[in-house]
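**Student:** need the 3D shape of this:
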Amino acid sequence: MNTINFNEDQIDVLKEFMNISVGQATSHVAELLDAFGTMHIPKISIKDMSELNHIIVENIDKDSNYYVMKQLFSGKFGGECIFIISEKSSNNLGSHLFDIEKPLKDDITDAVMELTNIVTSSIISRLTEELNVEVQFFAPTSNFLQAANIVDTDDVNTYSKIIVVSTELEFKDHNISANIFILTKDEAIISLRDLIDKKIEELYS
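**Tutor:** Residues are numbered from 1 along each chain as shown. Sure thing, here's the model as predicted:
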């Protein structure tokens, strides 16, 4: 794949779109949890796929276990959302949503899945709305993994360059936090850059 670069204007537009998108997602999650939450300013970087595991591990506790939800989306802009929440935060989430002290594992999985669906659909739907395109969502997968096993070897072998958008969702009063990574891979990066250029032309025409 040819070297991919985004100029300053393209990065600024993408950052602005992501800020709007995560803001909407935070609002929707706050309604679900009936609590005040924050989502950190997204970090955007272009990396080799082989670097993804390091990027994820440096943002989480490498000694903890995590519920990992992965959801693919496709269209003119495609990619994958990875939602990562620790076992401790997941238990607190299930306890808060179902109003029980010790939620069952199935309850915890359901709570995490519901939270994932709201976060990923809100972020991607708003982002693609800004880009004036539509996407199709695929059914998410759910796994309970150690931190070092979050990235599959198959993923590393299948993709080369990725754009990584990372942010953290945090509800301090309930000790709930999660990390969200949005990956745009290979040819989809070119498509994303073209869509951003088209948007820039519309804004300045």
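**Student:** switch to C-alpha atoms for all contacts and neighbour counts from now on
**Tutor:** OK.
**Student:** residues in contact with the strand or helix carrying K199?
**Tutor:** Using DSSP states H and E, K199 sits within helix 187-204. Residues outside helix 187-204 that contact it (CA atoms under 8 Å, 6 or more residues apart in numbering) are 4, 6, 10, 13-14, 76-79, 131, 162-163.
**Student:** now do the worst-scoring helix or strand of the chain on mean pLDDT: distance to the chain's middle.
**Tutor:** Least confident helix or strand of the chain, by mean pLDDT, DSSP states H and E, is helix 153-158 with a mean of 72. Between the centre of helix 153-158 and the centre of its host chain there is 19 Å, according to CA atoms, centre = their mean, to the nearest Å.
**Student:** please apply the same query to stretch 162-175.
**Tutor:** Distance, stretch centre to chain centre, for stretch 162-175: 8 Å (CA atoms, centre = their mean).
**Student:** before we move on, what about stretch 113-130?
**Tutor:** 9 Å.
**Student:** pull out the buried positions in that stretch.
**Tutor:** 113, 115-117, 119-128, 130 (16 or more other CA atoms under 10 Å).
**Student:** go on, stretch 152-162?
**Tutor:** Within stretch 152-162, the residues scored as buried using 16+ other CA under 10 Å are 156, 161-162.
**Student:** low-scoring pLDDT stretches of this structure, where are they?
**Tutor:** 1-3 (pLDDT under 70).
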